[in-house]
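J.: coordinates for the following, if possible.
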Amino acid sequence: MLGRVLGWLGLADGDDGGDGGDADLDWADPATEYGGDGPRRRYTCAECGATIEGVGPDTQVECSDCDTVFKGVLVPDCAVCPDCESRIGDVAFFPETRRDTEFADCGACPYRWESDPR
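T.: Next up, the predicted model:
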């Protein structure tokens, strides 16, 4: 057991006779997209009411209708699934900022994104 834990941490001496992998310890889902900015966010401009699309939690968002620039302070109305273009309404935000998306799960298709798998 200790050897399996050390192998999982990358501290094994390499004589396990296999490829070093253990299916029981493989927590990453290959169908899940990890890292990056995640799905596009859809915002409503506070100045003119236009729909704006942006990516990432701290990316500047500029309204194409009235040219108002928002410096990463808008809370997105929703996210847009990159696979099927459906609205992702159940986006979970970190409670401190409500801008940094922790995960997004599309209800219309199997797409799931997580900010960090660890």
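J.: list the buried residues for stretch 100-110?
T.: Using 16 or more other CB atoms under 10 Å as the test for burial, stretch 100-110 gives T101, A104, D105, C106. Using the backbone N, CA and C atoms, a C-beta is placed for each residue, glycine as well.
J.: just the residues you listed: which are in strands?
T.: Judged by DSSP state E, those include T101, A104, D105 as members of strands.
J.: next, the buried residues of stretch 59-68.
T.: In stretch 59-68, counting by 16+ other CB under 10 Å, buried: V61, C63.
J.: for the chain, what spans make up the strands?
T.: With DSSP E as the criterion, the chain has strands spanning 33-34, 40-44, 51-54, 61-62, 69-70, 78-80, 87-88, 92-93, 101-105, 112-114.
J.: show me the contact partners of the third one.
T.: With CB atoms under 8 Å, 6 or more residues apart in numbering as the contact definition, strand 51-54 has outside contacts at 40-45, 60-64, 76, 80.
J.: can you put the residues you listed in a markdown table and add distance to W8?
T.: Below are the contacts of strand 51-54 laid out as a markdown table (distance: CB to CB, whole Å):
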| residue | distance to W8 |
| --- | --- |
| R40 | 35 |
| R41 | 35 |
| R42 | 39 |
| Y43 | 41 |
| T44 | 45 |
| C45 | 48 |
| Q60 | 41 |
| V61 | 41 |
| E62 | 45 |
| C63 | 48 |
| S64 | 49 |
| P76 | 36 |
| V80 | 36 |
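J.: out of the strands of the chain, which comes closest to L11?
T.: strand 33-34 (23.4 Å; CB to CB).
J.: so which elements touch the closest one?
T.: strand 112-114 (3 or more CB pairs under 8 Å, 6 or more residues apart in numbering; DSSP states H and E).
J.: direction included, what does the strand it packs on pair against?
T.: For strand 112-114, the paired strands and their directions (DSSP bridges) are strand 33-34 (parallel), strand 101-105 (antiparallel).
J.: leaving out the residues flanking it, which one is nearest to C106?
T.: In this structure, C106 finds its nearest non-sequential neighbour in C81, 4.2 Å apart by CB to CB, 6 or more residues apart in numbering.
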